[in-house]
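Chemist: The following comprises the amino acid sequence and a computationally predicted model.
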Amino acid sequence: MEVTLQAAIGMLLAGAKITIILSFFSIFLGFILGIIVAIAEVYGGKIVKGIAIGYENIIRGIPLLAIYFILFFSIPIMLGIGMSPFLAAIVGLGIRSSAYQSQIFRSGIQAVDKGQVEAAQSLGMSNGQIIMHVVLPQALRFSLPAWMNEYTIVLKDTSIALAIGIIELTARANQLVAVTVEPFLYYGMAGLIYLAMVLSVSYFAGYLSKKYKIKGVGGMIRA
Amino acid sequence: MDKKVLYTIIIVIILIIAGVAAYYAFTPPAKEEKVLVVGTASGFPPFEYVDPNTHQVVGFDIDLITMIAHKIGYDKVEIKDMEFDSLIPALQAGTIDVAIAGMTITPAREKVVDFSKPYWHADQAVVVRKDSNLVVNSPEDLHGLKIGVQTGTTGESYVTEKVGKDNATIKSYPSYVEAVQALVNGQIDVIVVDTPVAQNFVHKYDVKIIHTFETGETYGIAVKKGNTKLLNEINSALDEIMNSPEWNQLVNKYFGSSS
Amino acid sequence: MPEEVLKVINLKKRYGKNEVIRGVSFSINRGETKVVIGPSGAGKSTMLRCLNRLVEPDGGKIYFNGIDITSKDVDIREIRSKIGFVFQHFNLFKHLTALDNVKIGLKVVKKIDDREATERAYQALKAVKLENEADKYPAQLSGGQQQRVAIARALAMDPEIILFDEPTSALDPQLVGEVLDVMKNLAKKHVTMLVVTHEIGFALSVADEVLFFYNGVIWEKGTPKEIIYNPKKKETKEFLGRIFELYSRGENS
């Protein structure tokens, strides 16, 4: 079957759109869960800390494909409630990423020295205020490089969502190759689109670290 | 104060996520029409593939299931494209009503899903380079050769069984595309692959089909185990279609004049 | 009748088997400056941290304006907001400018609106002579400047008392003076202060009373002149002897 270049690009871009949307929602779900888990690990009591560490280890131990199958196939069979493939993909990827992001944020939080926490306490701040105004603003800056790296991983892992029927960039490339038998051309094009996404992300990361650099403090990676 | 902006952004994002989640979780699909949800795995032309111009999944299987659906009283079909390995879990989870994806009826699969009567014979084509002077008329003729197959397909099990790992080098590839590349590059001597798949790629490369093995294996439509009512309806519709001129038209549309 | 801001009765703290504070009692009246001296590692910092419960005491009573703040019913955060604390290592918030370091307590804890918080923070920086460095980040300031910002941060909260935990020990010698000058100024304005320090000169010039902390208790106390020039107890004499030796050596080098 012959395919025009225009049609092929249209198809790949349609896939790229899904990849971007999926990765965006997943990374933010992972971000929110990851911060909660990290805070629980650093500041939680024995039980809370145990639950958080257990969550992190269990999630990191399960392959993403298995998380998808549990969310999309096992849960409906067991509980009789379904999730749309797109929601399942976001939740699956988000949960998976949260277990990695929590590690990133944990070391970011630990890089904020205890003296500042003590100073904030002595001003009369609550634990929540200390986390919001003192710890997180610095911890997030420390975490930015590793976090952007995690985003590129999530971006690439979106392709696994094909298992539950999400047709993203890789799936679109597969479809093109199936009808044209031109793997080099279409996988190459898909590769270039991924590259463009990753480069935009690292450009954005560079912009952010410049904008939010703490003056007088060396590199942001210093922690 | 840019902190306020930051918190606003975070809150807005949380709300968006929550909104999307709620939308997908709680909005029931407006089901006035009777819809047959069909699972397939595109990437297997001409049975199911995506038309790059429309981005729709099309193909022999899609036309066939659409005809069947209309005959048994469905208003429309909803195609869910996924990976081949996800089809059976999807049937079991009730995410799809039927699976049609050039799926070979095997005893292992019959344990977990129910199959319709066969609608296609999964014959295996023997493909070689155009300049090759190999002659293959029986599995024995493949002895001593490097044979490429696609993982998990009838071709793989046929070659493993009839030729054997001791008599030839059998290389499995994740998709037939890699196998074709290996053949063209001279890494293997021959490919054994589903006939329609072979017909799809022979004109693209300097390769030719030199023989067809009749394997006795067949494709069927799968439904959730125990869904006898739907299965019976599908079977009688299939009977009706295969004994009508519609069948030949369908075959001609996707396979030219020969079948 | 002088007004007691802080009254400590029989304060105790132990870490495992190690009893760091073994029954400390003293009090400070409004407007007084008291200086705590004593050997390093003896628990002076721990004692100071017990006073706003950054460290939980194991026993004893602490009355702040007559309220027992060791009671579980007390809102310790509200109490802390009225007790300034200046740390040995400054502990400024590194992501905030000098001005924002001073403002944050006003805005977050006291919920004062931005304009007024800015004005008050600016006044506090002025009091430590850093109004021209308001927009600099901690890493851009010298140690002495950072400690002055930390003092401004405590001051801006309009505290009833400020606790100083060896505020000059982490500073290069040439930067000690500027911080002590600020503190002397506060003492002259009758800001209530409890200062843990080795700066004998500071004690002599502004302290109303000097407490010698030794072996987990207040070993000896009196006016600066009594304690520094005429200590009664052997341990106080020995400690001061070492301090003088250290200082004269420092001046000769």
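Modeler: Okay, I see it.

Chemist: what's the helix or strand for the residue nearest to the spatial centre of chain C?
Modeler: Nearest to the mean C-alpha position of chain C, counting by CA atoms, centre = their mean, stands residue C:164 at 1.3 Å. Counting by DSSP states H and E, the element that carries residue C:164 is strand C:161-165.

Chemist: which residues are in contact with that strand?
Modeler: The contact list for strand C:161-165 (CB atoms under 8 Å, 6 or more residues apart in numbering or on different chains) reads C:5-6, C:28, C:44-45, C:48-49, C:51-52, C:82-88, C:151, C:154-155, C:183, C:186, C:191-197. Quick note: C-beta positions are derived from backbone N, CA and C, even for glycine.

Chemist: Looking at strand pairing, list the partners for the residue nearest to the centre of chain C.
Modeler: Here residue C:164 sits in beta bridges with residue C:86, residue C:195, going by DSSP bridges.

Chemist: From residue C:13, how far off is it?
Modeler: Relative to residue C:13, residue C:164 is positioned 19 Å away (CB to CB, to the nearest Å).

Chemist: Could you check how far residue B:184 is from residue B:50?
Modeler: For residue B:184, the distance to residue B:50 (CB to CB) stands at 24 Å.

Chemist: go on, residue B:80?
Modeler: 13 Å.

Chemist: Which residue of those two possesses the greater neighbour count?
Modeler: Applying other CB atoms under 10 Å in any protein chain shown to residue B:80 and residue B:50 shows that residue B:50 carries more neighbours, namely 24 against 21.

Chemist: mind listing what the helix or strand harbouring that one pairs with, with the direction of each?
Modeler: For residue B:50, the host element (DSSP H and E) is strand B:49-51. Sheet pairing of strand B:49-51 (DSSP bridges) gives strand B:56-58 (antiparallel).

Chemist: Residues contacting the strand holding residue B:50, please?
Modeler: Residues contacting strand B:49-51 (CB under 8 Å, 6+ apart): A:1, A:11, A:172, A:175-176, A:178-179, B:42-43, B:56-59, B:81.

Chemist: likewise stretch B:138-152?
Modeler: Around stretch B:138-152, the neighbours that count as contacts under CB under 8 Å, 6+ apart are B:84, B:126, B:134-136, B:155-156, B:159, B:162-163, B:167-176, B:179, B:182-183, B:187-193, B:213.

Chemist: Can you report how many residues neighbour the residue lying closest to residue A:208 once chain neighbours are set aside?
Modeler: Distance criterion CB to CB, 6 or more residues apart in numbering or on different chains; nearest residue to residue A:208, sequence neighbours excluded, is residue A:144 at 6.1 Å. Neighbourhood size, residue A:144 [other CB under 10 Å]: 20.

Chemist: and the strand or helix carrying residue A:144, what other elements does it pack with?
Modeler: Secondary structure from DSSP H and E places residue A:144 in helix A:136-157. Applying 3 or more CB pairs under 8 Å, 6 or more residues apart in numbering or on different chains; DSSP states H and E, one finds that helix A:136-157 makes contact with helix A:5-43, helix A:85-110, helix A:183-211.

Chemist: Tell me the buried residues in that helix?
Modeler: If you call a residue buried by 16 or more other CB atoms under 10 Å in any protein chain shown, then helix A:136-157 has these buried ones: A:136-148, A:150-152, A:154-157.

Chemist: centre of the chain versus that helix, how much separation?
Modeler: From the chain centre to the centre of helix A:136-157 is a distance of 8 Å (CA atoms, centre = their mean, to the nearest Å).

Chemist: swap in stretch B:170-189?
Modeler: Put simply, stretch B:170-189 sits 20 Å off its chain's centre (CA atoms, centre = their mean).

Chemist: Quick one: end-to-end length of that stretch, please.
Modeler: One end of stretch B:170-189 sits 10 Å from the other (CA to CA, to the nearest Å).

Chemist: before we move on, what about stretch B:132-149?
Modeler: Start-to-end, stretch B:132-149 (CA to CA) is 18 Å.

Chemist: And stretch B:119-126, by the same measure?
Modeler: End-to-end distance for stretch B:119-126, by CA to CA: 22 Å.

Chemist: residues of it that come out buried?
Modeler: By neighbour count with 16+ other CB under 10 Å, stretch B:119-126 contains the buried residues B:119-120, B:122-126.

Chemist: I'd like the residues you listed written out as TSV, with pLDDT, secondary structure and distance to chain C added.
Modeler: Converted to TSV, the buried residues of stretch B:119-126 look like this (pLDDT from 0 to 100; DSSP: H, G, I helix; E, B strand; the rest coil; distance: CB to the nearest CB, whole Å):
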residue	pLDDT	secondary structure	distance to chain C
B:119	95	coil	67
B:120	92	strand	67
B:122	80	coil	66
B:123	89	coil	70
B:124	92	strand	67
B:125	93	strand	67
B:126	95	strand	69
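
Chemist: mind putting those in JSON lines, distance to chain A included?
Modeler: Conversion of those to JSON lines gives the following (distance: CB to the nearest CB, whole Å):
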{"residue": "B:119", "distance to chain A": "21"}
{"residue": "B:120", "distance to chain A": "18"}
{"residue": "B:122", "distance to chain A": "18"}
{"residue": "B:123", "distance to chain A": "20"}
{"residue": "B:124", "distance to chain A": "18"}
{"residue": "B:125", "distance to chain A": "15"}
{"residue": "B:126", "distance to chain A": "18"}
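
Chemist: So the nearest residue to residue A:162 once chain neighbours are set aside, which state does it fall into?
Modeler: Once flanking residues are discounted, residue A:162 sits nearest to residue A:171: 4.6 Å by CB to CB, 6+ apart. Here residue A:171 takes the helix state, with states given by DSSP: H, G, I helix; E, B strand; the rest coil.
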